[in-house]
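Engineer: Structure, please.
(2 chains)
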Amino acid sequence: MSFLDTFFDGAVMAKYLPDLLGALVTTLWLSAAIVIAGLSLGLGLACLRTLGRWYLTLPIVAFADISRALPPLVVILVFYFGLPGLGIRLSGPMVLFIVLGGVLAAFAEEIFWAGLTSVPKGQWEAGRATGLSFMQTLFDIALPQAIRLGIPSLVNRALAITKMTALGSVIGVKEILSVSSSAQSFSGSATPLTMAALAYLAIFLPVVIFARLLEKRYT
Amino acid sequence: MNNFIDLFFNLEIMAQAWPLLFKGLIITLKLCAVVILLGLAGGLLLALGALSPRKWLKWPTIGFIDLFRALPPLVVLIFVYSGLPFAGLELSPFMAVVLAFFLNNSAYFAEVFRAGIQSVPKGQPEAAQATGLSQVQSLVHVILPQAIRNVLPDLLSNTVEVVKLTSLASVVSLSELLYSANMARSITYNSSPLVLAALIYLAILWPLVRLISRYQRGLAEH
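Structural biologist: Predicted structure coming up:
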């Protein structure tokens, strides 16, 4: 009984439900913005890389490597606490959007690029030989195949990175984890943390199951 | 520009912070060793469970894996660190991090191992057992070596993620690399210690990230 009281206290749940729903909305729109920006930037960078110019390839590869190697929390802290010293003051949600969007873009660029390089050379040559321009070959022949190949990895990566919106709690973004953590310390009950876990499951469990179905279809 | 260098690449402050960061780095490395080994072991067991023909074992295991793939690791960590004491289980920051990341990492490693084991043709375990190997022998000597070779890039990239994940331990005041760097930042009012921590992470992880990219390219060309 005491277990239920501690982790599923009905009165505490009712009290903090409105706050938590607000936080859920914040997590959702932040996630959506990160996914859209990250995937489009990643796609754009992978396309630029096909041009084969070293002055494009070099910065793209450096960006992708560094963003994949650094723990996002380090970058979040540098942006949030360091940039104001240069007179650049970004809000918590903005920092989260820029950093996580950038990380997703780096991973997406690598996934799209792996897809593009797996399209046999002969198809590029055939495209050009039939009179298509480079751009037409890229967009009509290579890219559709690259995107198809990349979908399972992209879904998994986007999921892992949108889950990181929970890091916003460290820089005061009012998302699910930070709101439930402060509710936990105000109420002296573990129930808000249970609510946070349930809220995340409600958002991400369908995505995990969707990813499983995708993988089954694609392999 | 001078201002920028002074705030982010201040060598004097980096030198001052280095002893603290070095201690943090040692804790990060210890933590990595523990959570990577536990994650691999837990992941392998979960993968075997998820592939089991016994339904009572298979479905709960898959449920467990999906549960921890859906929960953000920081949420699991906060739950273990601040939630479990309500149930009478108080853990040190180190143990809380180990337990939380064990749950999270085994779920992720399980998916990699599962994909690896499924990539080995069915005829192989059958052949192994036909030649008189026991089920365990065929797993250890026939299936796993091939399974691991087939998913080596994924194992590697998952390991990189685990190392990056250890930085979350700073949130529960475990004095690992990022926590030490952030401490030094708040004492010196200067971001250079954070940049130094970032450079240390880069030095450890960049070679691995390069290796993974090369692997993927290699796979694409064959």
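Engineer: Next, the buried residues of stretch B:8-17.
Structural biologist: B:8, B:10, B:13, B:14, B:16, B:17 (16 or more other C-beta atoms under 10 Å in any protein chain shown). C-beta coordinates here come from the backbone N, C-alpha and C atoms, glycine included.
Engineer: Apologies, that question was intended for stretch B:206-220.
Structural biologist: Buried residues in stretch B:206-220, defined by neighbour count with 16+ other C-beta under 10 Å: B:206, B:208, B:209, B:212, B:213, B:215, B:216.
Engineer: again, but for stretch B:170-181
Structural biologist: B:170, B:171, B:172, B:174, B:175, B:176, B:177, B:178, B:179, B:180, B:181.
Engineer: Break down chain A into its helices, ranges please.
Structural biologist: A:2-7, A:10-50, A:54-69, A:72-77, A:92-117, A:121-129, A:134-136, A:143-163, A:176-187, A:191-218 (DSSP state H).
Engineer: Reformat the ones you listed as JSON lines; add mean pLDDT.
Structural biologist: Formatted as JSON lines, the helices of chain A follow (pLDDT from 0 to 100):
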{"stretch": "helix A:2-7", "mean pLDDT": "81"}
{"stretch": "helix A:10-50", "mean pLDDT": "95"}
{"stretch": "helix A:54-69", "mean pLDDT": "96"}
{"stretch": "helix A:72-77", "mean pLDDT": "97"}
{"stretch": "helix A:92-117", "mean pLDDT": "96"}
{"stretch": "helix A:121-129", "mean pLDDT": "91"}
{"stretch": "helix A:134-136", "mean pLDDT": "92"}
{"stretch": "helix A:143-163", "mean pLDDT": "93"}
{"stretch": "helix A:176-187", "mean pLDDT": "93"}
{"stretch": "helix A:191-218", "mean pLDDT": "92"}
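Engineer: Residue of chain B closest to chain A, please.
Structural biologist: residue B:191 (3.3 Å; C-beta to the nearest C-beta).
Engineer: which residues touch the residue most central in space within chain B?
Structural biologist: By C-alpha atoms, centre = their mean, chain B has its centre lying nearest to residue B:162, at 2.0 Å. Counting by C-beta atoms under 8 Å, 6 or more residues apart in numbering or on different chains, residue B:162 touches B:32, B:35, B:36, B:39, B:101, B:105.
Engineer: which SS class is the nearest residue to the third one once chain neighbours are set aside?
Structural biologist: For residue B:36, the nearest residue in space outside its immediate sequence neighbours is residue B:162; the separation is 5.6 Å by C-beta to C-beta, 6 or more residues apart in numbering or on different chains. Applying DSSP: H, G, I helix; E, B strand; the rest coil to residue B:162 yields a three-state assignment of helix.
Engineer: same check, this time on residue B:133
Structural biologist: Classification of residue B:133 using three-state DSSP returns coil.
Engineer: Let me see the contact set for it.
Structural biologist: Counting by C-beta under 8 Å, 6+ apart, residue B:133 makes contact with B:141, B:142.
Engineer: Could you do residue B:135 as well?
Structural biologist: Contacts of residue B:135 by C-beta under 8 Å, 6+ apart are residue B:129.
Engineer: Recalculate using a threshold of 10 Å.
Structural biologist: With contact set as C-beta atoms under 10 Å, 6 or more residues apart in numbering or on different chains, residue B:135 has these partners: B:125, B:128, B:129, B:143.
Engineer: cool, residue A:105 as well?
Structural biologist: The neighbours of residue A:105, taking C-beta under 10 Å, 6+ apart as the test, are A:34, A:37-46, A:63-64, A:67, A:161.
Engineer: Of those residues, which are in range of chain B?
Structural biologist: A:64, A:67 (C-beta under 10 Å from any C-beta of the partner chain).
Engineer: out of the contacts of residue A:105, who's nearest residue B:120?
Structural biologist: residue A:161 (30.7 Å; C-beta to C-beta).
Engineer: Chain B versus that closest one, what's the distance?
Structural biologist: For residue A:161, the distance to chain B equals 10 Å [C-beta to the nearest C-beta, to the nearest Å].
Engineer: wait, isn't that residue in contact with residue A:35?
Structural biologist: Yes - counting by C-beta atoms under 10 Å, residue A:35 is a contact partner of residue A:161 at 8.1 Å.
Engineer: just to revisit the earlier point, which ones among the contacts of residue B:162 lie within helices?
Structural biologist: Per DSSP H, these map to helices at B:32, B:35, B:36, B:39, B:101, B:105.
Engineer: closest to residue B:2 among the residues you listed?
Structural biologist: Of those, the one sitting nearest to residue B:2 (C-beta to C-beta) turns out to be residue B:32, at 36.8 Å.
Engineer: how much space is there between the nearest residue to that closest one once chain neighbours are set aside and residue B:130?
Structural biologist: For residue B:32, ignoring the flanking residues on the chain, the nearest one in space by C-beta to C-beta, 6+ apart is residue B:163 at 5.3 Å. Residue B:163 sits 42 Å away from residue B:130, going by C-beta to C-beta, to the nearest Å.
Engineer: can you pull out the helices in chain B?
Structural biologist: B:2-8, B:11-50, B:55-70, B:73-78, B:93-118, B:123-130, B:135-137, B:144-150, B:152-165, B:177-188, B:192-221.
Engineer: Highest mean neighbour count out of the ones you listed?
Structural biologist: Comparing these by mean neighbour count (mean count of other C-beta atoms under 10 Å in any protein chain shown), helix B:73-78 ranks first with a mean of 25.
Engineer: which residues of chain B score low on pLDDT?
Structural biologist: B:217-222 (pLDDT under 70).
Engineer: mind listing what residue 42 touches?
Structural biologist: Using chain A. Contacts of residue A:42 (C-beta under 10 Å, 6+ apart): A:64, A:101-102, A:104-113, A:150, A:154, A:157.
Engineer: try chain B instead
Structural biologist: Contacts of residue B:42 by C-beta under 10 Å, 6+ apart are B:35, B:102, B:103, B:104, B:105, B:106, B:107, B:109, B:110.
Engineer: Also near chain A: which of the residues you listed, exactly?
Structural biologist: Among these, chain A is touched by residue B:107 when using C-beta under 10 Å from any C-beta.
Engineer: which two from the contacts of residue B:42 end up farthest apart in space?
Structural biologist: B:35 and B:110, at 14.6 Å, using C-beta to C-beta across those.
Engineer: Many thanks, we can stop here.
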